[in-house]
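Q: let me see the structure of the following:
(one chain, ligands or ions: 3)
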Amino acid sequence: MTDLLLLPGDGIGPEVTAQVRRVAGKITPDLTLEERPFGGTSLDLLGAPLSDETLAAAKAAKAVLMGAVGGPKWKDAPRAKRPEAGLLGLRAGMGVFANLRPAICFQPLANASSLKRELVEGLDFMIVRELTGGVYFGQPRFIEDMPGGGRRGVDTQVYTTAEIERVARVAFELARGRRNKVSSAEKSNVMETGLLWRQVVTDLHAREYADVELEHILADNAAMQIVKNPKQFDVMVTDNLFGDILSDAAAQLTGSLGMLPSAALGAPGTPGLYEPIHGSAPDIAGKGIANPLAAILSFEMALRWSLDRADLADELFAAVNRALEKGARTPDLGGAMTTVQMGDAVLAEL
Ligand code: NAD
Ligand code: IPM
Ligand code: MN
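A: Residues are numbered from 1 along each chain as shown. Ligands and ions are numbered 1, 2, ... in the order given. Predicted structure coming up:
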């Protein structure tokens, strides 16, 4: 059985996952690794961004680590063939509905954020993004010509009580092991799905999690509060689209989008999907200067959540912190190291 399926993907994906391979080789030499084409790379090679074989291999592995997908080369591909559609198909196919996106400000990087040091120093904030529902998957969706001229585009946001409840449960459980606070972000003031979201979270809280502090926050205000005073948050649970946007904003608190890992989890006993939250970064792809830490920290999350090696995850986390303490910095963090040198810096601490 494959322990870890690597899907390097496109752009900087292969550059950052190559560093994961080196780190895994050192910290878990017995781990069985497999690698498959994914995203645009798979479209070019196999005619589909997510082949049936790759989905089957993902479901059969203990954990899957994806680099990044997409890029200008495939921007005109039909929707279903786009690299991003492959990623959505993978998430849905694996059933990984709860996406944990931790925004942690490593102490040595407190000055690297565009926000003031005192606002981000010590930050440890977890966004739980619903990942397999909402407007990303709702039907109908189309662009059509209108009789009187012009066209219209339609997307549909749908959430069921079961989808909301299972992701909220993940957030409450996580909060119990942290600072015991959940902030639930939606737009119940304008959206029916937002209203249902608020009702379901409120009911679940009253029924099973009354010991956890719960606040409801409108998603636009949440965006503002994340940059105004991020340390007020412990766990934030939100839908697929708001979670996508709010986590990019939260990433910048840690110094760079290149720092934020993620873990996407489904039913107990099923494999997790681990991915840096950044994209294929076409502006720096091929230059060898991408920050590999988000990918390396995604492997750290895989050790913790799927591979049952929390001890090694702690070691890897500490190694990343020590490398940063010693001044390891790629350009996004204000330094001049290459991707490989950043990998070297982490390896030297293991
Ligand atoms: P992006 O995340 O690729 O890049 C945004 C900015 O952040 C760029 O300036 C980039 O250079 C920088 N950046 C990102 N990762 C970095 C890293 N590890 N080190 C240093 N700098 C980094 O977002 P985009 O430019 O909006 O999207 C580019 C492509 O990636 C699109 O096709 C998009 O659909 C795709 N995308 C994929 C994923 C994913 O695979 N999970 C996530 C987001 C975007
Ligand atoms: C992310 C990305 C993806 C998303 C895209 C590439 C489908 O932005 O993982 O944050 O929107 O979920
Ligand atoms: Mn995103």
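Q: a strand runs through Thr193, doesn't it?
A: No - using DSSP: H, G, I helix; E, B strand; the rest coil, the assignment for Thr193 is helix, not a strand.
Q: might you enumerate the residues of this protein proximal to ligand 2?
A: For the chain, the residues in contact with ligand 2 (C-beta under 6 Å from any ligand atom) are Gly70, Glu84, Leu87, Leu88, Asp244, Ile277, Gly279. The way it works is simple: take the backbone N, C-alpha and C, and place the C-beta from them, glycine included.
Q: can you name the residues that contact the second one?
A: By C-beta atoms under 8 Å, 6 or more residues apart in numbering, the residues touching Glu84 are Pro49, Val69, Gly70.
Q: and for the first one?
A: Applying C-beta under 8 Å, 6+ apart to Gly70 gives the contacts Asp10, Gly11, Gly39, Gly40, Arg82, Pro83, Glu84, Gly279, Ser280.
Q: please produce a markdown table containing these, extended by pLDDT and secondary structure.
A: Shown next, in a markdown table, are the contacts of Gly70 (pLDDT from 0 to 100; DSSP: H, G, I helix; E, B strand; the rest coil):
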| residue | pLDDT | secondary structure |
| --- | --- | --- |
| Asp10 | 98 | coil |
| Gly11 | 98 | coil |
| Gly39 | 98 | coil |
| Gly40 | 98 | helix |
| Arg82 | 97 | coil |
| Pro83 | 98 | helix |
| Glu84 | 98 | helix |
| Gly279 | 97 | coil |
| Ser280 | 98 | coil |
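Q: check these against ligand 2 and report the nearest one.
A: Glu84 (4.0 Å; C-beta to the nearest ligand atom).
Q: show me where the stretch 201-350 of the chain has strands.
A: Under the criterion DSSP state E, counting those that start in this stretch, the stretch 201-350 of the chain contains strands at 213-218, 235-238, 263-265, 272-274.
Q: can you redo the ones you listed as CSV with mean pLDDT and mean neighbour count?
A: CSV is the format used below for those (pLDDT from 0 to 100; neighbours: other C-beta atoms under 10 Å):
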stretch, mean pLDDT, mean neighbour count
strand 213-218, 98, 16
strand 235-238, 98, 27
strand 263-265, 98, 24
strand 272-274, 98, 28
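Q: distance to ligand 1 added to those strands, as CSV?
A: Converted to CSV, the strands of the stretch 201-350 of the chain look like this (distance: least, C-beta to the nearest ligand atom, whole Å):
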stretch, distance to ligand 1
strand 213-218, 24
strand 235-238, 17
strand 263-265, 10
strand 272-274, 10
